[in-house]
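Q: Pasting the sequence and the predicted coordinates here, then a few questions.
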Amino acid sequence: KILDKVHGVIVAMSKFAAHYVLLDTRDHVYLPWITWGLLASPTLFYWAYQRYSTYGFEASTFLLYHVMRLGPRYRFFAHHEVLT
């Protein structure tokens with residue numbers, strides 16, 4: 001029930017923002033993914049940089065960064081690729 005309310009709020013916010021940032025407002029479902037991509041990638045990069053600066057190269061940080069950046073089967077990038 002709470003997740004349904006959260007989903008409803010996200011959909012309402014993306015529909016509202018779609019009128020200002022998209023040419024076709026039917027594409028509002030992509031806005032949460034685009035926002036995630038704009039916020040997550042720099043955050044992950046900063047986290048990986050801080051780990052590298054403190055501890056040097058770590059295979060675990062390297063692998064975790066790239067798995068989270070690309071997502072399962074390149075899905076995080078796919079949402080941006082559809083809009084180009």
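A: Right, received. Where do you want to start? Residues are numbered from 1 along each chain as shown.
Q: and the lengthiest helix in the chain, what other elements does it pack with?
A: When the chain is parsed with DSSP state H, its longest helix is helix 31-55. In terms of contacts (3 or more CB pairs under 8 Å, 6 or more residues apart in numbering; DSSP states H and E), helix 31-55 is packed against helix 2-21, helix 59-70, helix 75-83. Bear in mind the C-beta positions are built from the backbone N, C-alpha and C, glycine included.
Q: Might one say that Tyr65 is in contact with Ala48?
A: Yes. Using CB atoms under 8 Å, Tyr65 is in contact with Ala48, at 4.4 Å.
Q: Provide the count of other residues in contact range of Phe49.
A: No, residue 49 isn't Phe; it's Tyr. Other residues within reach of Tyr49 by the criterion other CB atoms under 10 Å amount to 12.
Q: per-residue confidence for it?
A: In this model, Tyr49 is scored at 88, pLDDT.
Q: starting at the chain centroid, how far to the longest helix of the chain?
A: 10 Å (CA atoms, centre = their mean, to the nearest Å).
Q: buried residues in that helix?
A: Burial within helix 31-55, assessed by neighbour count using 16 or more other CB atoms under 10 Å, is assigned to 31-34, 37, 48, 51.
Q: Please apply the same query to stretch 4-20.
A: So, applying 16+ other CB under 10 Å, buried residues of stretch 4-20: 14, 18.
Q: coming back round to it: among the buried residues of helix 31-55, which has the minimum pLDDT value?
A: Minimum pLDDT across these is recorded for Gly37, with 76.
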